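Novice: compute the structure for the input listed below.
(one chain, ligands or ions: 1)
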Amino acid sequence: MKQNIRDADPAELLELAVNLARRAGELARRTRAEAIGDVATKSTATDVVTAADQAAERLVVSALAELRPGDAVLGEETGASEGGSGVRWVLDPIDGTVNYLYGLPGYAVSLAAEIGGQVVAGVVHNPVTGEEWTAVRGRGAMRNWEPIRCSEVTELGMTLLATGFGYAADRRAHQARVVAEVLPLVRDIRRYGAAALDLCYAAEGRVDAYYEKGLNAWDHAAGGLIAAEAGLVVSGLRGAPPGPSMVIAAPAAIFDALHALLVELDADGGP
Ligand code: LIP
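Specialist: Numbers count the residues shown, from 1 in each chain. Next up is the predicted model:
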């Protein structure tokens, strides 16, 4: 049966997303020893993709083709496929691939569902820790089905700030200059290596805020909804939506101060 937007219930889309993220995450976790022996590179020698990234994406994409054949999909490893239903799925099969490669627990499957171009449901699932963050637009954010809320920090100088860096050396040099200026002005910096997890940590106040330049839609689609539904302001710079030039997720009380600092430092500039 051909799906269309009328068939798209965000809560049902979330239920499917959770099921698929758990299956993909378990595949990645279970096959790691073999998968890290089959690694390719992408934009740079340090930007890796393992056999598990590809297998986890194949699992999700093939299941969606079977269960929701009219939907579009954007996956980190296989790119975009068209659909006619008005629903699009946005998938990072393993966000934090370098952590996965090194045996660090900070990686997750990130899967979001859009209706008419707006993210309405998202899940970030860490198969190592079992932590699973979810959100449906307008209905709040949860971790393992318990409601979560963001930090109530009111001063930039008391803000524990997560960020990340790209793979290309010239971009990293620019990002290093920015973070060197930010560091003395905040409580401290954390760099976990997975944007989806950074956004979920900010959603529940494990860090107060997060920013990063250079993310793809699959890195932040699910985590961005979870962060927003937990009370954070999620945006780009100068009124732009979150996107490749910048993603900021911050409590309203410090958003303007952090935004102004990042604009002053040209954080969305450079290569
Ligand atoms: C990662 C992002 C992270 C960023 C890393 C990398 P990947 O995505 O989640 O925030 O700092 O450089 O881009 O490559 O693990 O899917």
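Novice: interface residues of the stretch 101-250 of the chain facing the ligand?
Specialist: Listed as neighbours of the ligand in the stretch 101-250 of the chain under the rule Cβ under 6 Å from any ligand atom: Gly164, Phe165, Gly166, Tyr167, Gly193, Ala194, Ala195, Glu212, Asp219. The C-beta positions use only the backbone N, C-alpha and C, and glycine is treated the same way.
Novice: which of the residues you listed fall within strands?
Specialist: Filtering these for membership in strands, criterion DSSP state E, returns Glu212.
Novice: smallest distance to the ligand belongs to which residue of the stretch 101-250 of the chain?
Specialist: The nearest approach of the stretch 101-250 of the chain to the ligand comes at Gly164, 2.5 Å away (Cβ to the nearest ligand atom).
Novice: most neighbours out of the residues of the stretch 101-250 of the chain next to the ligand, which is it?
Specialist: Ala195 (29 neighbours; other Cβ atoms under 10 Å).
Novice: which non-adjacent residue is nearest it?
Specialist: Sequence neighbours aside, Asp219 is the residue nearest to Ala195 in space, at 4.1 Å (criterion: Cβ to Cβ, 6 or more residues apart in numbering).
Novice: please name the residues that touch that neighbour.
Specialist: Listed by Cβ atoms under 8 Å, 6 or more residues apart in numbering, the contact set of Asp219 reads Asp92, Asp95, Ser110, Ala195, Ala196.
Novice: run the last query once more with 7 Å
Specialist: With contact set as Cβ atoms under 7 Å, 6 or more residues apart in numbering, Asp219 has these partners: Asp92, Asp95, Ala195, Ala196.
Novice: likewise Thr159?
Specialist: With Cβ under 7 Å, 6+ apart, Thr159 has these contacts: Val153, Val186, Arg187, Asp208, Ala209, Ile254.
Novice: got the phi and psi for it?
Specialist: Reported as degrees, to the nearest 10, the phi and psi values for Thr159 are phi -90, psi 120.
Novice: state the distance from it to Val49.
Specialist: Counting by Cβ to Cβ, to the nearest Å, the gap between Thr159 and Val49 amounts to 33 Å.
Novice: and which of the residues of the stretch 101-250 of the chain next to the ligand is nearest Ala11?
Specialist: Out of these, the one with the shortest distance to Ala11 is Asp219. That distance is 24.2 Å, counting by Cβ to Cβ.
Novice: farthest-apart pair in the contacts of Asp219, please.
Specialist: Using Cβ to Cβ, the two most remote members of these are Asp92 and Ala195, lying 8.5 Å apart.
Novice: could you list the domains of the chain?
Specialist: With domains defined by automatic domain parsing, the chain comprises 10-148, 156-264.
Novice: of these, which is nearest Gly270?
Specialist: With Cβ to Cβ, the closest approach to Gly270 among these belongs to domain 156-264: 3.1 Å.
Novice: does Ala267 lie in a helix or a strand, and which?
Specialist: Secondary structure here is read from DSSP states H and E; on that basis Ala267 sits in neither a helix nor a strand.
Novice: so what's it up against?
Specialist: If a contact means Cβ under 7 Å, 6+ apart, then Ala267 has Val178, Tyr211, Lys213, Met246 as its contacts.
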